[in-house]
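In: Turn this into a structure:
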Amino acid sequence: MLYVKDLPNHAFTEEFAELIMDGAVKEENDCIIWTKTLDNKGRGIRQVKFEGVSYQLTNIHRIIYQCYNGKIKSEKEVCMHICHHPDCVNHNHILIGTHFQNMQMEKVRYPNENGKRRVKGGRLSTKQHEGIRLRLIKGKFA
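Out: Below you'll find the model as predicted:
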């Protein structure tokens, strides 16, 4: 069994993303929720065959992002869910950034005295998604 790091560069296409995402469900707020196996952090995992070879895929959201936006340059870069749901695989809900930026986004989403989650669950509206995306683009989380 091979892993994500073993996938050839030409595998990262929109067609491959669609193959991987079969069974994902789109919600009203444009989240595309992974309905297959999740790891202990709530991120999608699965096995897939590509060119006759089996691969164990982890962090499905990261693979989907790369299929639509190109390879992520560094393993230190994180995929930030602007919808704050690790089971969402919508590439439009994922931005690349640093761990620090990701933590700053958490503070915006859960604005209490220490930035920790006050309430579990709840989805962001499209308007909230755009507000966070604009703040990131303008460097407000840098």
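In: now the spatially most central residue of the chain: how far from Glu51?
Out: Centroid check for the chain by Cα atoms, centre = their mean gives His61 as the closest residue, at 3.7 Å. According to Cβ to Cβ, to the nearest Å, His61 and Glu51 sit 23 Å apart. Where you see a C-beta, it was placed from the backbone N, CA and C, and this is true even at glycine.
In: do Arg62 as well
Out: Distance from Arg62 to Glu51, by Cβ to Cβ: 21 Å.
In: wait, what's in contact with the residue nearest to the centre of the chain?
Out: When contacts are counted by Cβ atoms under 8 Å, 6 or more residues apart in numbering, His61 touches 34, 43-44, 79, 81, 86, 88-89, 94.
In: quick one: which of those is nearest to Glu14?
Out: Using Cβ to Cβ, Val89 comes nearest to Glu14 of those, at 13.1 Å.
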